[in-house]
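Generate a structure from the sequence data that follows.
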Amino acid sequence: MTEAKELLSERRDQVGIVTFNRPERRNALTPAMLVELHDTLDRWAQTGEVRTVVITGAGDKAFSAGFDIGAIPTGADPKLAKRLREENPLALGLASVKRFPFPTIAMLGGHCFGAALNLALCCDLRVGADDIAVGMPPARLGVVYPPDGIAQFASVLGMARARELFFTGRTYRGAEVQAMGLVGRLVPRAELEATTFALAEEIAANAPLALRGTKRVLDLVESAAPLSPADRQEAEALTAAALQSEDAKEGQRAFVEKRRPRFKGR
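Predicted structure coming up:
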């Protein structure tokens, strides 16, 4: 029996479609999926034949539940294993989405949490079903999210909303998701695919040089001054310290056991 591919890609004329295909795991992201996402987008970027990309998840329960920390491959082929040693697959996947030279759209048909929400915010546009749930739970797990990820949320949402999102670790549903700026459009679930692909086709029909150039200018306008080396070192130290803390272990145990964590601040 052939094992199903975890990441599907196809083209409909000038629209590229990428689908996270692990519905039994709520499309949780694996390192191999993220490397393949990078390779797919890199190939499309080089040919220039794809002028809009739609990223979505298989099934109707989840866009993606986030990064699957239990899916680090132990028996990967040597070529993939070498890449995983040399590159952070999550950072690679996020950067590939953000830097794709043509517009990208996240089609959110279900739950979207953690790193998957970060990936959705790396897309230029987001369209969601009106019953979706999204959240950023690091604080509930005793974890400090990496600075580049927090910067992406602040860039899209504004600093005040990004602070609320990360400080509360709350799950936002329905109209709250749009009010927070996490999606641009919310539509009835039955209309999600038609709405998203109509938007993608409308964009793809425009002049490719104008699309590529406009996206580049928008990215330049959006980008703020990068962190200084000292600030980045401090932020990375805070992230590393939180990951090694007792609270992080307690947060992970509580999540698995479906109970409230008992944090001790150490």
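
list the contacts for the residue nearest to residue 96 when sequence neighbours are not counted?
Among residues not flanking residue 96 along the chain, residue 38 sits closest, at 4.2 Å (Cβ to Cβ, 6 or more residues apart in numbering). C-beta coordinates here come from the backbone N, C-alpha and C atoms, glycine included. With contacts defined as Cβ atoms under 8 Å, 6 or more residues apart in numbering, residue 38 is in contact with 92-93, 95-96.

ok, so of these, who is nearest residue 253?
residue 93 (27.5 Å; Cβ to Cβ).

how would you label residue 95: helix, strand or coil?
helix (DSSP: H, G, I helix; E, B strand; the rest coil).

I should have written residue 24 there, sorry.
Reduced to three states by three-state DSSP, residue 24 is helix.

Tell me, how many residues neighbour it?
The tally of other residues near residue 24 (other Cβ atoms under 10 Å) stands at 11.

Next one: it relative to residue 43, how far apart?
Plainly put, residue 24 is 27 Å away from residue 43 if you go by Cβ to Cβ, to the nearest Å.

Looks like residue 124 contacts residue 104 (just checking).
Yes - with contact defined as Cβ atoms under 8 Å, residue 124 counts as touching residue 104 (5.2 Å).

I'd like to know the average pLDDT value across stretch 208-226.
Here stretch 208-226 scores 83 as its mean pLDDT.

Residue ranges in the stretch 1-150 of the chain under the pLDDT threshold?
1-3, 71-86 (pLDDT under 70).

how about a cut-off of 50?
Where the stretch 1-150 of the chain drops to pLDDT under 50, the residues are 1-2, 74.

Sketch out the strands for it, chain order is fine.
7-12, 15-20, 52-57, 62-64, 104-108, 111-113, 125-129, 133-135 (DSSP state E, counting those that start in this stretch).
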